[in-house]
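A.B. asks: Fold the following, please.
(one chain, ligands or ions: 1)
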Amino acid sequence: MTLDIQLTKIRQELTLSAEALADIATSFRKAMVEGLAGQPSSLKMLPSFIGLPNGREKGSVIAIDFGGTNVRVIEAELDGAAKIEVRQMKRFPLIDAAAGYNHTNQEADASQLFGFIAARVAEIAKPGASYPLGHTFSFPCEQLGINQARLIHWTKEFRTRGVEGQDIGALLGAALAKAGLAGVKGVAIINDTVGTQLAAAYSQRNIDMASICGTGHNTCYLEPRHPLSGKPMIVNMESGNFDGVPQTRFDVAVDRESERPGAQRLEKMVSGYYLGEVARQVLSTLAVEGVLPASEAFGRKQVLKGIDLDRILADTGALAQTAEVMQRCFGLGSLSAAQLSAVQEVLRLVARRSARLVAASFQGTALHIDPQGAQAHKVAIDGSLYEKMPNYALWLQEALDEMNPASRGRLSTVLAKDGSGIGAAIAAATVGMAP
Ligand code: GLC
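C.D. replies: Numbers count the residues shown, from 1 in each chain. The predicted structure follows:
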């Protein structure tokens, strides 16, 4: 078969019509209702035990932002009038081959991971000072209270031993004590989506949802009357696990090669960690069909990084950047103009599908909180795809508008950069001040 015929087929497989999106939104909403009611659902709908901030939160706090291969530690001051000043912020890698450590794989255990984090807190906290500490921990946790969060299971390919099933608050508390930080008291554990919503709602109105579109993917929203409290509460949906999405043969292959086959179906179709994997599967199929040259790198996991995807998506003219990425990552140095343009189209199809699937999940959430579509809703978003990937934010809005033809812009998005760390600071101040 020719390159053209192959591409037409792939285009059909990876393109989602407005009707398909509307169907996904409807089943997303259904999964939300079932999950909230405690019925079997791919949406975990985890309570956060926190509502929106009111701007009067006050004090000096420490925040930890942990959810990827870097951990950030922040010292911040909230002035009680909706202003937050970040006094110090440092980022530390959890994997450092030169220094000889990797706290994310199965060779590492809980005490090494949390010991490392506590030692980084010690670099930021003023000796002897007291602070409430907010901890963004961006993995699915069963929360029993604002400071009690049991890790259900790792996602994003983390494998550190002795953490699954444990209370993250207790693990961090023990590590802080061991590091001699008696004045630093963990008071809140939140998901990064929740942090993003807290940070955005601190200074803006109508923030009903927050999402991470980066290495991982997940969305939370404010449930107006939570069944547990009868009051407004942010719910971490763990929407990366949503399974009402039509998988292609490429998604099936990505899933099969992942750490936890069957889990995180939506995340494996949309998030930064996996988009390069989906693209690799498509390109490898083109090679098997003989319309791209063969390369053993098609079988190599994580060969295409986010930055490579961005370079290809931003490429114009003679596609020199695409050629460079294909040479560097796959050793394919002499692709024809038609082949380079096919590669770029594949990347575009994969990235655009991601934005459209995410939009469908936002639409489903909006249908749940506002079935009549009476109000405007804003989703605060953090993450590299939304912030940096060429056209991603545009494709997202385009899909939202397609699903709301009569009221374009009613459902919109806004960047909430570094929201997860700031949100942990706000959560710490909220709880730290509570009587
Ligand atoms: C993964 C985690 C989730 C987190 C998301 C974004 O999906 O399970 O808790 O919010 O990544 O970091």
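A.B. asks: Now do the SS call for Arg205.
C.D. replies: At Arg205 the chain is in coil, as set by DSSP: H, G, I helix; E, B strand; the rest coil.
A.B. asks: So the closest residue to Lys44 other than its chain neighbours versus Ser41, what's the distance?
C.D. replies: With sequence-adjacent residues excluded and distances taken as CB to CB, 6 or more residues apart in numbering, Lys44 is closest to Glu238, at 4.2 Å. No exception for glycine: its C-beta is placed from N, CA and C like everyone else's. Look at Glu238 and Ser41: by CB to CB, to the nearest Å, they are 10 Å apart.
A.B. asks: okay, the two: which has more neighbours?
C.D. replies: When Glu238 and Ser41 are compared on other CB atoms under 10 Å, the one with more neighbours turns out to be Glu238, at 26 against 20.
A.B. asks: Once you drop chain neighbours, what's closest to Asn206?
C.D. replies: Using CB to CB, 6+ apart, the nearest residue to Asn206 is Lys378, at 4.7 Å.
A.B. asks: likewise Ala149?
C.D. replies: Cys141 (3.8 Å).
A.B. asks: and what of Val254?
C.D. replies: Leaving aside its sequence neighbours, Val254 sits nearest to Glu277 (CB to CB, 6+ apart; 4.7 Å).
A.B. asks: Shouldn't the one you found be within a helix?
C.D. replies: Yes - counting by three-state DSSP, Glu277 is part of a helix.
A.B. asks: just checking, it touches Val252?
C.D. replies: No - counting by CB atoms under 8 Å, Glu277 does not reach Val252; the two are 12.0 Å apart.
A.B. asks: The two: which is more packed in?
C.D. replies: Glu277 (22 against 13).
A.B. asks: which residues does that one contact?
C.D. replies: 254, 257-258, 268, 301-302, 304 (CB atoms under 8 Å, 6 or more residues apart in numbering).
A.B. asks: swap in Ala129?
C.D. replies: 60, 183.
A.B. asks: The chain: helices as residue ranges?
C.D. replies: Counting by DSSP state H, the chain has helices at residues 3-14, 18-36, 110-124, 168-178, 192-203, 249-256, 265-270, 272-288, 306-313, 320-330, 337-369, 384-388, 392-403, 419-433.
A.B. asks: Please produce CSV containing those helices, extended by distance to Lys58 and mean pLDDT.
C.D. replies: CSV is the format used below for the helices of the chain (distance: least, CB to CB, whole Å; pLDDT from 0 to 100):
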stretch, distance to Lys58, mean pLDDT
helix 3-14, 49, 97
helix 18-36, 33, 98
helix 110-124, 20, 97
helix 168-178, 23, 96
helix 192-203, 13, 96
helix 249-256, 46, 98
helix 265-270, 36, 98
helix 272-288, 36, 97
helix 306-313, 38, 96
helix 320-330, 48, 98
helix 337-369, 30, 98
helix 384-388, 30, 96
helix 392-403, 34, 98
helix 419-433, 6, 92
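A.B. asks: tally of neighbours for Ser17?
C.D. replies: The burial count for Ser17: 10, using other CB under 10 Å.
A.B. asks: ok, it to Arg408 distance?
C.D. replies: Ser17 sits 18 Å away from Arg408, going by CB to CB.
A.B. asks: Tell me how many other residues crowd the closest residue to the ligand within the chain.
C.D. replies: Among the residues of the chain, Gly216 lies closest to the ligand, at 2.4 Å counting by CB to the nearest ligand atom. By other CB under 10 Å, the residues close to Gly216 number 24.
A.B. asks: roughly how far apart are Glu157 and Ser354?
C.D. replies: Glu157 sits 18 Å away from Ser354, going by CB to CB.
A.B. asks: between the two, who's got more neighbours?
C.D. replies: Applying other CB under 10 Å to Glu157 and Ser354 shows that Ser354 carries more neighbours, namely 25 against 18.
A.B. asks: so that one touches Leu275, yeah?
C.D. replies: Yes - with contacts defined as CB under 8 Å, Ser354 counts as touching Leu275 at a distance of 6.1 Å.
A.B. asks: what touches both of those two?
C.D. replies: Common contacts of Ser354 and Leu275 (CB under 8 Å, 6+ apart): Leu385.
A.B. asks: Is it correct that Gly92 is in contact with Thr69?
C.D. replies: One correction, residue 92 is Phe, not Gly. No - using CB under 8 Å, Phe92 is not in contact with Thr69; the gap is 10.1 Å.
A.B. asks: what sits against Ala25?
C.D. replies: 360-361, 363-364, 367, 403.
A.B. asks: Give me the distance from stretch 75-83 to the chain's centre.
C.D. replies: Relative to the chain's own centre, stretch 75-83 is displaced by 26 Å; criterion: CA atoms, centre = their mean, to the nearest Å.
A.B. asks: how about the residues of the stretch 101-250 of the chain near the ligand?
C.D. replies: The stretch 101-250 of the chain has residues 138-140, 155-156, 191-193, 212, 216-218, 238, 240 near the ligand, with proximity defined as CB under 6 Å from any ligand atom.
A.B. asks: Just name the lowest-scoring one in those, pLDDT-wise.
C.D. replies: Among those, Lys156 has the lowest pLDDT, at 85.
A.B. asks: leaving aside the residues next to it on the chain, what's closest to it?
C.D. replies: For Lys156, ignoring the flanking residues on the chain, the nearest one in space by CB to CB, 6+ apart is Gly216 at 4.9 Å.
A.B. asks: Contact partners for the one you found?
C.D. replies: Gly216 touches 67-68, 138, 155-156, 240, 267, 271-273, counting by CB under 8 Å, 6+ apart.
A.B. asks: let's see it at 10 Å
C.D. replies: 67-68, 138-139, 155-157, 192-193, 240, 264, 267, 270-274, 383 (CB atoms under 10 Å, 6 or more residues apart in numbering).
A.B. asks: So which of the contacts of Ala25 wins on neighbours?
C.D. replies: Counting neighbours by other CB under 10 Å, Ser361 leads those with 31 neighbours.
A.B. asks: Wait, that residue touches Glu238, no?
C.D. replies: No - judged on CB atoms under 10 Å, Ser361 makes no contact with Glu238 at a distance of 11.5 Å.
A.B. asks: Spit out the residues that contact these two alike.
C.D. replies: With CB under 10 Å, 6+ apart, Ser361 and Glu238 have common neighbours 43, 218-219, 266.
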